[in-house]
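1. this is the structure alone, sequence omitted:
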C-alpha cells in the first residue's frame, strides 16, 4: 500500500496517510479540536446530585407531606 504525504490546511504540519480522509487535508490534531463533547443533559445533571439521590429526596418530601409513595410495580 502506498502512503501519501499531506500538509494540514490549518496548521501546516506535514503528515502521512494511506488515503485522503473524508475531513480533507486536515491533520487529526486540528480535526479533534472541532469536536464538541458537550453535556447531553446539561452540567447540572453531570455535577449535581445523582438520580438515586433525587429519587430519595422526592420520596422523603412526599412522606413529609403525608403521602405514601410506592413503586409502580406494586400496583398490580
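-> Great, that's in hand. A quick note: this is a predicted structure, and the numbers were derived from the prediction, not measured.
2. what lies in contact with stretch 19-36?
-> 4, 6-11, 13, 15 (C-beta atoms under 8 Å, 6 or more residues apart in numbering). Bear in mind the C-beta positions are built from the backbone N, C-alpha and C, glycine included.
3. so of those residues, which ones are in strands?
-> Among the contacts of stretch 19-36, the members falling in strands are 4, 6-7, 15 (criterion: DSSP state E).
4. filter those to the buried ones?
-> Buried members of the ones in strands among the contacts of stretch 19-36, counted by 16 or more other C-beta atoms under 10 Å: residue 6.
5. what's the farthest-apart pair in the ones in strands among the contacts of stretch 19-36?
-> Taking C-beta to C-beta as the measure, these span a maximum distance of 10.9 Å, between 4 and 7.
6. which strand or helix spans residue 57?
-> When elements are assigned from DSSP states H and E, residue 57 belongs to helix 51-64.
7. can you list the helices and strands that that helix packs against?
-> The contact analysis (3 or more C-beta pairs under 8 Å, 6 or more residues apart in numbering; DSSP states H and E) places helix 51-64 against no helix or strand.
8. run through who's touching that helix.
-> Here helix 51-64 makes contact (C-beta under 8 Å, 6+ apart) with 49, 68-69.
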